[in-house]
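Asker: Sequence and predicted structure below; questions after.
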Amino acid sequence: MDKIYFLSFKVKQSKVGGQFEKYSNVQATCWVKAFSAISAFRESIYFLKKEQWKVTSLEENIVQVTREMFIGKDIGLDQFDKAKTYGFSIFYVGVDENLTAPEFVSFDNSEKIDIAQFLKNKNSMDRHEFCLHPKAGSDCDEKIIRAHSIQNNQSLSKIAANGHVYQLDNKYQHEVKTYLDYKKIGINKASVFKGFCKKHDNEIFEPIDNYLLEPTAEQIFLYAYRSICKEIYQKYKVIQVLKENIQLVNSEDEEQLGWYLLGNQKGYEELIKIKKSYDETFLNKSFEKDILYVIFYSKKSMNLAFSSLIYPDFDFQNNLLQDLGDLENDKDLITYFSAPMNGGWGYVFAWHIKNNSICKQFAISLGKTIDLGQPIEHTLFQYMFLNSENHALSPYWWEGLEQDQQSRILYAINHKLDLMSGHTSSQDNDEIPDVSGWEFTEVMTNVDLG
């Protein structure tokens, strides 16, 4: 997982009038931390494209390298160490045509980001803590806990190896661009957020923390509610760190990051509105009337656990459901999560009746997928990886995959979730191998999908 690969490309400027226009005959040499040579190649192409370069040729074979190979070579050693720390490094050499006698010179992006300050600000996000109980305030106890957004006692413990699971972790490479990789972590630290006081977390979620999903409408509600509260907390933290760091990015990314901030602020406001509906359901105990769901049940052992939500923009036949670029109108939201059940587990989609207009169409399209003979197991497996960062993998399952299979999953995740990529939510991706091992034998629902 920690191999460093060395690659060299001939590149040319892809943006007319860009900052690199004065250079010709440019060679970009890359040091990449990756699972495999093909993964290193893909990551190099991706980052070169982000820096306005078009690759014209791969100059040498892709080589796995060690630090010892660059001893005595200051530039190579420095670039290797950067790749080891941040995951990626690029060194450029080209002919500077502005010189009286043009010659080969080394150069780099002139607009630097204060990576140390960015990391400091990002890490400070954990200072935020509050209780999201609808009656939070004087009724809270003093202790805000690290609440689990993925059910701990049964879900995480079922897939853990020696008390550990794999969870996505941010790796910083080549300035401020983010690369996601899996990191082994103890289940007591996995998927936690500081969004409830100890008293209210224990009181609210006792029916799912200590009991298998039967299912009851109340249990479904609690799983969905926890997903929403986790996302509200996360959005709040992201908004704060974006405000603190937007001045650190280069001018080309500042506008995009500004739109990303605006989108998160709008998303936060949307979630607060949606939570109010869930709060009313909780206080009125109207679970049977308000909560709708579809459960895909499997007797196979769980190999991953997840808890997420999404505003579905397309259905599974790629028909547009709602325009996420429309910041004026409210959006319908659906939650999806795994839950341990008697003799197996469930892959659950759940939503509030106030969001039924879009979410029911989304659920119906899942039924059409089955009718069309497409494997629902792989469809939902892909959907989870492509649309959820909040998931945990069994070490037995993840470490049992071939290195190329791991690499393909991570490649798809990174290109889907990169905040600068411009991708929308996806239903499928050819990069993700069919390795779930799932087998859904029953569908449970309280929705008329006919």
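Answerer: Perfect, I can see it now.
Asker: which helices and strands does the helix or strand residue 10 falls within pack with?
Answerer: Assigned by DSSP states H and E, residue 10 belongs to strand 3-13. Packing partners of strand 3-13 (3 or more CB pairs under 8 Å, 6 or more residues apart in numbering; DSSP states H and E): strand 23-34, helix 37-50, strand 53-58, strand 63-65, helix 74-86. (Each C-beta comes from the backbone N, C-alpha and C, glycine too.)
Asker: quick one: low-confidence parts of the protein?
Answerer: 1-2, 17-19, 100-105, 107-127, 171-179, 245-257, 416-430 (pLDDT under 70).
Asker: Would you mind telling me which of the helices and strands packed on strand 3-13 is nearest residue 94?
Answerer: Nearest to residue 94, of all the helices and strands packed on strand 3-13, is strand 23-34, at 3.5 Å by CB to CB.
Asker: Helices of the stretch 351-450 of the chain, start to end?
Answerer: Listed in chain order, the helices of the stretch 351-450 of the chain (DSSP state H, counting those that start in this stretch) span 356-371, 376-387, 395-400, 403-417.
Asker: a markdown table for the ones you listed, including distance to residue 292 and mean neighbour count?
Answerer: Converted to a markdown table, these look like this (distance: least, CB to CB, whole Å; neighbours: other CB atoms under 10 Å):
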| stretch | distance to residue 292 | mean neighbour count |
| --- | --- | --- |
| helix 356-371 | 6 | 17 |
| helix 376-387 | 18 | 20 |
| helix 395-400 | 31 | 16 |
| helix 403-417 | 27 | 20 |
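Asker: Using JSON lines, please lay out those together with distance to residue 40.
Answerer: Output for the helices of the stretch 351-450 of the chain, formatted as JSON lines (distance: least, CB to CB, whole Å):
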{"stretch": "helix 356-371", "distance to residue 40": "34"}
{"stretch": "helix 376-387", "distance to residue 40": "21"}
{"stretch": "helix 395-400", "distance to residue 40": "20"}
{"stretch": "helix 403-417", "distance to residue 40": "9"}
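Asker: Of those, which is nearest residue 12?
Answerer: Of all the helices of the stretch 351-450 of the chain, helix 403-417 comes closest under CB to CB, at 22.8 Å.
Asker: From the contact counts, what lies against the closest one?
Answerer: Going by 3+ CB pairs under 8 Å, 6+ apart, helix 403-417 lies up against helix 37-50, strand 178-186, helix 376-387.
Asker: Out of the ones you listed, flag the one nearest residue 6.
Answerer: Per CB to CB, nearest to residue 6 of those: helix 37-50, 8.6 Å.
Asker: ok, residues contacting that closest one?
Answerer: The contact list for helix 37-50, computed with CB atoms under 8 Å, 6 or more residues apart in numbering, reads 5, 7, 9, 11, 14, 28, 30, 32, 34, 54-55, 58, 62, 64, 88, 90, 173-174, 177, 179, 404, 407-408, 410-411, 414-415, 420.
Asker: buried set for stretch 185-201?
Answerer: 185, 187, 190-197, 199-201 (16 or more other CB atoms under 10 Å).
Asker: ditto for stretch 312-329
Answerer: For stretch 312-329, by 16+ other CB under 10 Å, it's 312, 313, 314, 315, 316, 321, 322, 324.
Asker: before we move on, back to that, and the strand holding residue 10, which strands flank it?
Answerer: Applying DSSP bridges, strand 3-13 is found paired with strand 23-34 (antiparallel), strand 53-58 (antiparallel), strand 63-65 (antiparallel).
Asker: Identify, out of those strands, the most deeply packed stretch.
Answerer: strand 23-34 (a mean of 21; mean count of other CB atoms under 10 Å).
Asker: so residue 146, which of the three states?
Answerer: strand (DSSP: H, G, I helix; E, B strand; the rest coil).
Asker: hmm, back to that, could you dump the helices and strands packed on strand 3-13 into JSON lines with distance to residue 275 added?
Answerer: Output for those, formatted as JSON lines (distance: least, CB to CB, whole Å):
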{"stretch": "strand 23-34", "distance to residue 275": "39"}
{"stretch": "helix 37-50", "distance to residue 275": "36"}
{"stretch": "strand 53-58", "distance to residue 275": "44"}
{"stretch": "strand 63-65", "distance to residue 275": "49"}
{"stretch": "helix 74-86", "distance to residue 275": "37"}
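Asker: Any idea which of those gets closest to residue 263?
Answerer: helix 37-50 (19.6 Å).
Asker: With just CA atoms, put that closest one into PDB.
Answerer: Extracted as PDB, the C-alpha positions of helix 37-50 are listed here (Å, rounded to 0.1, in the frame of the first residue of the first chain):
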ATOM      1  CA  ALA A  37       1.900   0.900 -11.400                       C
ATOM      2  CA  ILE A  38      -1.400   1.400 -13.200                       C
ATOM      3  CA  SER A  39      -2.800   3.300 -10.300                       C
ATOM      4  CA  ALA A  40       0.300   5.500 -10.200                       C
ATOM      5  CA  PHE A  41      -0.100   6.200 -13.900                       C
ATOM      6  CA  ARG A  42      -3.800   7.200 -13.500                       C
ATOM      7  CA  GLU A  43      -3.000   9.500 -10.500                       C
ATOM      8  CA  SER A  44      -0.200  11.200 -12.500                       C
ATOM      9  CA  ILE A  45      -2.500  11.800 -15.500                       C
ATOM     10  CA  TYR A  46      -5.100  13.200 -13.100                       C
ATOM     11  CA  PHE A  47      -2.900  15.700 -11.400                       C
ATOM     12  CA  LEU A  48      -1.100  16.800 -14.500                       C
ATOM     13  CA  LYS A  49      -4.500  17.500 -16.000                       C
ATOM     14  CA  LYS A  50      -5.400  19.500 -12.900                       C
END
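Asker: buried set for that helix?
Answerer: Neighbour-count burial for helix 37-50 [16+ other CB under 10 Å]: 37, 39, 40, 41, 42, 43, 44, 45, 46, 47, 48, 50.
Asker: In contact with residue 151, which residues?
Answerer: Residue 151 neighbours (CB under 8 Å, 6+ apart): 208, 209, 223, 305, 307, 339, 340.
Asker: Among those, name the ones in strands.
Answerer: Counting by DSSP state E, the contacts of residue 151 place 305, 307, 339, 340 in strands.
Asker: Among the residues you listed, which one has the most neighbours?
Answerer: residue 305 (29 neighbours; other CB atoms under 10 Å).
Asker: which outside residues touch stretch 298-305?
Answerer: 150-151, 155-156, 158-159, 165, 338, 340, 343-347, 384, 391-394, 396-397, 436-441.
Asker: count of neighbours near the closest residue to residue 77 other than its chain neighbours?
Answerer: Once flanking residues are discounted, residue 77 sits nearest to residue 70: 4.2 Å by CB to CB, 6 or more residues apart in numbering. Residue 70 has 18 neighbours, counted by other CB under 10 Å.
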